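In: Need a 3D model of the sequence below.
(one chain, ligands or ions: 1)
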Amino acid sequence: MIITVDGPAGAGKSTIAKKLAQKLGFLYVDTGAMYRAFTLKALNDKVNFADIDRLVFLARETNIQLKQMENNEIKVLLDGEDVSGLIRTPELTNAVFKVAQIPQIREVMVQWQRSYGESNNIVMEGRDIGTVVFPQADEKFYLDADINIRAERRYNELKEKGIDVDMHDLLEQMKARDYKDKNRSSGPLKKADDAILIDSTGLSIEEVVDTISSYINDEKRK
Ligand code: C5P
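Out: Numbering: from 1, shown residues only. The predicted structure is shown next:
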């Protein structure tokens, strides 16, 4: 069974998709972490982002693993090295779109992402999962929330990790990221026509997980 969760930054996708996967006993796949890890590699290797052939070559020889730990945390391994902390910095976050907008790189990512669905029940979150990666998914959700709430959640997340950011800058960066994610030509952030829209603005994490679970149970009963 394949469940997709798409939506903009800060809508609560990661927390909710992770909890949902845990509840269902499915594998949780964070595709943003894949784009982030590959961007880190390209930056470390000082590849010019305009050199698409070089980037694609690099992507094909890159190994990214999402390892589920016993405490349910996910470790992101880039060529075997744990980069979980390094891929969440504001600098890296602001660089990802340069890589994520390149159609040839998205093709490589989509292949990786589809391979997870071949032999696993999965909850996969991202931007184009219900539209491009798994258009035939069993259940699709599109999670959204008011931009101010999303920025506040992201601010608190970063603060918890000891990363200090200015709230106003964060809000502007999020707006810019949403715009870029929605307006790129390849794999833009978009609600699939058959996805269920959930606005998490006034809802707790548990309420969103329960809402999604009830849709899945209804579907199973059919
Ligand atoms: O989900 P997260 O915020 O970690 O994603 C980081 C960036 O990776 C997004 O802003 C987007 O540009 C890119 N991304 C994407 N397609 C996905 C997942 C993430 O383009 N399926």
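In: Which residues are in contact with Ala137?
Out: Ile2, Ile3, Thr4, Ile129, Gly130 (CB atoms under 8 Å, 6 or more residues apart in numbering). Using the backbone N, CA and C atoms, a C-beta is placed for each residue, glycine as well.
In: Hmm, the first one is touching Met124, no?
Out: So that's Ile2. Yes. Between Ile2 and Met124 there is a contact under CB atoms under 8 Å: 7.1 Å.
In: and for those two, which residues touch both?
Out: Gly117, Phe134.
In: Spell out the secondary structure type for Gly162.
Out: Assigned with DSSP: H, G, I helix; E, B strand; the rest coil, Gly162 falls in the coil class.
In: Offset the numbering so it begins at 575, please.
Out: In the new count, where the first residue is 575, that last one comes out as Gly736.
In: Next one, pLDDT for it please.
Out: Predicted confidence (pLDDT) at Gly736: the value is 89.
In: That one: how many residues sit nearby?
Out: Counted with other CB atoms under 10 Å, residues neighbouring Gly736 total 7.
In: for the one 10 residues further on, same thing?
Out: By other CB under 10 Å, 12 other residues sit near Glu746.
In: All the strands of the chain, residue numbers only.
Out: For the chain, applying DSSP state E gives strands covering 576-580, 601-604, 638-642, 648-652, 655-656, 696-700, 713-718, 770-773.
In: Would you single out the least confident of those?
Out: strand 638-642 (a mean of 92).
In: quick one, that strand and strand 648-652 angle?
Out: 160 degrees (axes from the mean of the first three to the mean of the last three CA atoms, to 10 degrees).
In: export strand 638-642 as PDB, just CAs?
Out: Coordinates of each C-alpha in strand 638-642 appear next as PDB, following Å, rounded to 0.1, in the frame of the first residue of the first chain:
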ATOM      1  CA  ILE A 638      21.400   7.900   0.100                       C
ATOM      2  CA  GLN A 639      19.900   5.800   2.800                       C
ATOM      3  CA  LEU A 640      17.100   6.600   5.200                       C
ATOM      4  CA  LYS A 641      17.700   4.500   8.200                       C
ATOM      5  CA  GLN A 642      15.000   4.000  10.800                       C
END
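In: That strand near the ligand at all?
Out: No. For strand 638-642, no contact with the ligand is found by CB under 6 Å from any ligand atom; the gap never falls below 12.0 Å.
In: can you give me how far that strand is from the chain middle?
Out: Distance of strand 638-642 from the chain centroid (CA atoms, centre = their mean, to the nearest Å) equals 14 Å.
In: List the buried residues of that strand.
Out: Within strand 638-642, the residues that count as buried by 16 or more other CB atoms under 10 Å are Ile638, Leu640.
In: ok, residues contacting that strand?
Out: By CB under 8 Å, 6+ apart, strand 638-642 touches 601-604, 607-608, 611-612, 648-652, 686.
In: export these to TSV and tack on distance to the ligand and neighbour count?
Out: Formatted as TSV, these follow (distance: CB to the nearest ligand atom, whole Å; neighbours: other CB atoms under 10 Å):
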residue	distance to the ligand	neighbour count
Leu601	16	16
Tyr602	13	23
Val603	10	25
Asp604	7	20
Ala607	6	22
Met608	7	23
Ala611	10	26
Phe612	10	24
Ile648	12	16
Lys649	15	13
Val650	10	22
Leu651	16	15
Leu652	14	22
Trp686	11	17
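In: All good on my end, thank you.
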